[in-house]
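Student: Following is a predicted model, sequence given first.
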Amino acid sequence: MTSRLFPALAEALACCAIEQKLALTAALEADWQAGKLDHLDDAPVTLSVGRPAQPELVPHTQLRQRSPQTVEGRASLLHAIVHIEFTAINLALDHAARFRGLPARYYTDWIGVAAEEAHHFTILRERLRALGHEYGDFPAHGGLSAMAERTGHDVLARMALVPRLLEARGLDATPPIQKKLEACGDTTSARVLDIILHDEIGHVGLGDTWFRHLCGERGLEPESTYRQLIAEYQAPWPQAPLNRQARLAAGFSSDELTALLAGRQPGEQRGI
């Protein structure tokens, strides 16, 4: 006997209590893998994104920069990443819950990502606790969530601008963060980020795969469409230095990375 997938997704997404959200996400993946959830139903569900009362969300310009040479500074740095991972649980659940009529593999992919993001959140929160802090102790920003809201009407734009754009920034940012942690002697946290980076290449790769799939269905050229969407939504262009090895592994082409760094709009040619 099967149950409906989308109410289960909506329940996990709406949950505000952290431990319960982690448990619901794990149960959701287990039930989906066991074939207990049906993705073909068309019954409407109401979607809301649940998060705990803390951390306080502020514009990124209001986030205080602390030196990682101090324990407080390293805790603040890790807290920012923990918040990204919690947000990523909601993002993956929302990718699956919001868009109907896609192949079963689409739901398998994003339910699996939600479970992996829950694992990332858990192991990073352990490191944060080892530094004497808890998730919610520092302010955070909601840029990822804001872009998810803006792209909630179109799965193609969502795949382009959330996993393939904003989450891909983590591929570039993680190695420099690891170097800062290692320089401070926190090699344990740096090695946890090895796990995160490895898995996030796969997550960005899924965004790339589904973006290209959807472009193919709509008769669109993917790489120029991607740049067009960045410009249309006034989203942040990728900035140097890029983690070329990670981005290539996630599905970006070398020519595309060159065009992105040049900030070129579709149809523009390089200067001679």
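Tutor: That came in fine, so what should we check first?
Student: if I look at the closest residue to residue 142 other than its chain neighbours, how far off is residue 83?
Tutor: Spatial nearest neighbour of residue 142, excluding adjacent residues (C-beta to C-beta, 6 or more residues apart in numbering): residue 57 at 4.6 Å. For glycine as for every other residue, the C-beta is placed from the backbone atoms N, C-alpha and C. Relative to residue 83, residue 57 is positioned 9 Å away (C-beta to C-beta, to the nearest Å).
Student: Show the contacting residues for the residue nearest to residue 142.
Tutor: 139-142 (C-beta atoms under 8 Å, 6 or more residues apart in numbering).
Student: so which of those is the most crowded?
Tutor: If you count neighbours using other C-beta atoms under 10 Å, the busiest of the contacts of residue 57 is residue 140, which has 22 neighbours.
Student: Just list whatever residues bridge to it.
Tutor: Residue 140 has these beta-bridge partners by DSSP bridges: residue 57.
Student: could you point out the longest helix in the protein?
Tutor: In the chain, taking DSSP state H as the definition, the longest helix is helix 187-218.
Student: picking up where we left off before, find residues that contact each of residue 57 and residue 83.
Tutor: What both residue 57 and residue 83 touch, as defined by C-beta under 8 Å, 6+ apart, is the set residue 140.
Student: per-residue pLDDT, the closest residue to residue 43 other than its chain neighbours?
Tutor: Distances taken as C-beta to C-beta, 6+ apart put residue 4 closest to residue 43, at 6.6 Å, once the chain neighbours are dropped. At residue 4, the model reports a pLDDT of 95.
Student: I'd say residue 4 and residue 44 touch.
Tutor: No - the criterion here is C-beta atoms under 8 Å, and residue 4 misses it with residue 44 at 11.2 Å.
Student: These two - which one has more neighbours?
Tutor: Set side by side, residue 4 and residue 44 show more neighbours around residue 4, with 16 against 8, by other C-beta under 10 Å.
Student: ok, now which ones touch the more buried one?
Tutor: Residues in contact with residue 4 (C-beta under 8 Å, 6+ apart) are 37-38, 41, 43.
Student: again, but for residue 53
Tutor: By C-beta under 8 Å, 6+ apart, the contact set of residue 53 is 16, 136.
Student: A strand includes it, no?
Tutor: No - using DSSP: H, G, I helix; E, B strand; the rest coil, the assignment for residue 53 is coil, not a strand.
Student: any idea how far it lies from residue 79?
Tutor: For residue 53 relative to residue 79 (C-beta to C-beta), the value is 16 Å.
Student: which residue ranges form the strands in the stretch 1-150 of the chain?
Tutor: Using DSSP state E, counting those that start in this stretch, the strands of the stretch 1-150 of the chain run over residues 3-4, 37-38.
Student: quick one: strands adjacent to the first one?
Tutor: Strands adjacent to strand 3-4 in the sheet, as given by DSSP bridges, are strand 37-38 (parallel).
Student: okay, and for the stretch 101-250 of the chain, where does confidence drop off?
Tutor: Counting by pLDDT under 70, the stretch 101-250 of the chain shows no low-confidence range.
Student: And for the nearest residue to residue 233 once chain neighbours are set aside, the neighbour number?
Tutor: Closest residue to residue 233 apart from its sequence neighbours, by C-beta to C-beta, 6+ apart: residue 161 at 5.9 Å. Per other C-beta under 10 Å, the neighbour tally for residue 161 reads 25.
Student: quick one: contacts for residue 161?
Tutor: Residue 161 sits next to 147, 150-151, 229-230, 233, 235 when contact means C-beta under 8 Å, 6+ apart.
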